[in-house]
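A.B. asks: Structure for this input, please:
(chains A and B)
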Amino acid sequence: MTVPETPSYRKRIGYHTGLLGLFAFFASTALMISYLETKDDIKLRGEEDLKSTLEKVIPIDLYDNNIATDTITINLPTNLANKDPVKIFLARKKNKIVAVSFQSNAPDGYSGLIVIMLGISIDGQLLGVRVISHSETPGLGDKVEVKKNNWILKFTGLSLNNTPSSDWKVKKDGGEFDQFTGATITPRAVVKAVKRGLDFYTIHKNEILEQSNLVQVIK
Amino acid sequence: MTSLTLERVKTMFRDGIWDNNIVLSQVLALCPLLAVTSTATNGLGMGLATLVVLILSNLSISLIRDFVTPEIRIPIFVLIIAAIVTIVDMSMNAWLHELHKVLGLFIPLIVTNCAILGRAESFASKNSIRASILDGLFMGLGFIMILVVLGAFREIIGSGTLFANASLLLGDSFSFLELTLIQDYRGFLVMILPPGGFIALGLILAGKRIMDRQSAKSKANITAEIDKPSDFQTASN
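C.D. replies: Got it, this is the predicted structure:
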């Protein structure tokens, strides 16, 4: 292959800089346009995802409000794994609060953070638990996903009243919950995170109820 | 370069699928390859996403090949590829959300795929637009093939299934692909974990070498029979 003679202006540093700048400009313009075109749809999809997760942790016939937007924030949570403000989703029926839903994180999984969504009825009973995101070992720890195994459904109906504190452990540690063959760390972390979530709810219950009434008055 | 004859398209096809396959011959793109091929379905998903990006990047780099100077070509190629990957990621998130939930993990990984920059550098920057698109297509198909083969191999040995969760990726009409090959299989975890990826890839690479050697041998036998007189000559020389 013969290389055609390059015009002399192409050897100037200004040509290179200009060209590079031009491409950077075009690339950022293209990115900007596609960002603007897609951001509303992406936000909508995110809300749909949130809604469908919420529907899984709180049965849909229990409430009649728009749970995804009816929220309050607890600024100083105790008992949860981190101290960041927690967003609480409120489920109401005929303006009376029936259940709450919030995230509880398990930082002590096998690899990385496990994010869990809890649905708790007003009297402290678990309505549903789902793992939202995790990076556990495929084929072992990922059985906490409802798609892979129904283990996570066993939490439904439990509360701190009907299950004593000492039972909130995997069987290997003398508790109530099954571990998986070859994976104990993941279910252990999930059980602990669910327990932490229940403890958090018990401590902050009055605060949550107070705030949720306030939100309603403002409305 | 030469025009796009049927003969050349055939050579390009052979190059992409076998002779110059991204993984088998160039041994590129191992990072995304080993990361996602724990199942055949994941491999297929990653392969499809890569195919789209490869065609788009080859197309746009071939478009600008005439006025980009060699000194600044690499930053420009990287810029273009990164922009394409980001745009594909955002559009899929917005308009093909279900697919994005399954593939979303893989799309940013495409940026780590040096094969795309490799094709931009060694093919698209020197060839016509049509040839570059075809090259992207064939190289992408070759990559999909390896991803699916490797994924299937690891999935069968590791968990005894084939194309598990394919309906999540391709829609419910493809659920017939989901097979459980070994009932009540206890699983062979190592094959699903990264070391299994290296082992399986090593076996596949070795297999390719053996096949190539054998075909070269049989070809050599045929030519030897035809060229016997000339062989004599060389020997006497």
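
A.B. asks: can we go C-alpha only for contacts and neighbour counts from here?
C.D. replies: Fine.

A.B. asks: ok, longest helix in chain A?
C.D. replies: helix A:13-57 (DSSP state H).

A.B. asks: neighbouring contacts of the very next helix or strand once past that one?
C.D. replies: Sequence order places strand A:71-74 as the next helix or strand after helix A:13-57, per DSSP states H and E. Outside strand A:71-74, the residues within contact range by C-alpha atoms under 8 Å, 6 or more residues apart in numbering or on different chains are A:85, A:86, A:87, A:88, A:89, A:90, A:208, A:211, A:212, A:215.

A.B. asks: ok, and for the helix or strand that strand A:71-74 is followed by, which residues are buried?
C.D. replies: Per DSSP H and E, the first helix or strand lying C-terminal to strand A:71-74 is strand A:86-93. The neighbour-count check on strand A:86-93 (16 or more other C-alpha atoms under 10 Å in any protein chain shown) flags A:86, A:88, A:89, A:90, A:91, A:92 as buried.

A.B. asks: Report whether the host helix or strand of residue B:61 contacts chain A.
C.D. replies: Here residue B:61, judged by DSSP H and E, is contained in helix B:40-63. No. Counting by C-alpha under 8 Å from any C-alpha of the partner chain, chain A is not contacted by helix B:40-63; separation bottoms out at 11.6 Å.

A.B. asks: Just after that helix, pick out the following helix or strand.
C.D. replies: As assigned by DSSP H and E, the chain's next helix or strand after helix B:40-63 is helix B:73-95.

A.B. asks: how far out from the middle of the chain is the helix or strand residue B:14 falls within?
C.D. replies: Assigned by DSSP H and E, residue B:14 belongs to helix B:6-14. The gap between where helix B:6-14 is centred and where its chain is centred comes out at 17 Å by C-alpha atoms, centre = their mean, to the nearest Å.

A.B. asks: And for residue B:86, the neighbour number?
C.D. replies: Residues contacting residue B:86 under the criterion other C-alpha atoms under 10 Å in any protein chain shown number 19.

A.B. asks: Spell out which parts of chain B neighbour chain A.
C.D. replies: By C-alpha under 8 Å from any C-alpha, the part of chain B that sits against chain A consists of B:1, B:68-69, B:71-72, B:75-76, B:79-80, B:83, B:86-87, B:90-91, B:93-95, B:97, B:159, B:189, B:192-193.

A.B. asks: which residues in chain B form strands?
C.D. replies: Secondary structure of chain B (DSSP state E): strands located at B:161-162, B:179-180.

A.B. asks: how about the closest residue to residue A:169 other than its chain neighbours, secondary structure?
C.D. replies: Closest residue in space to residue A:169, ignoring its immediate chain neighbours: residue A:175 at 4.1 Å, by C-alpha to C-alpha, 6 or more residues apart in numbering or on different chains. Using DSSP: H, G, I helix; E, B strand; the rest coil, the structure places residue A:175 in coil.

A.B. asks: just checking, residue A:175 touches residue A:166?
C.D. replies: Yes. Shown here, residue A:175 and residue A:166 form a contact pair, counting by C-alpha atoms under 8 Å, at 6.6 Å.

A.B. asks: quick revisit: so is the longest helix of chain A next to chain B?
C.D. replies: Yes. Counting by C-alpha under 8 Å from any C-alpha, chain B has neighbours in helix A:13-57: A:16, A:19-20, A:23-24, A:27-28, A:30-31, A:34-35, A:38-39, A:41-42, A:45.
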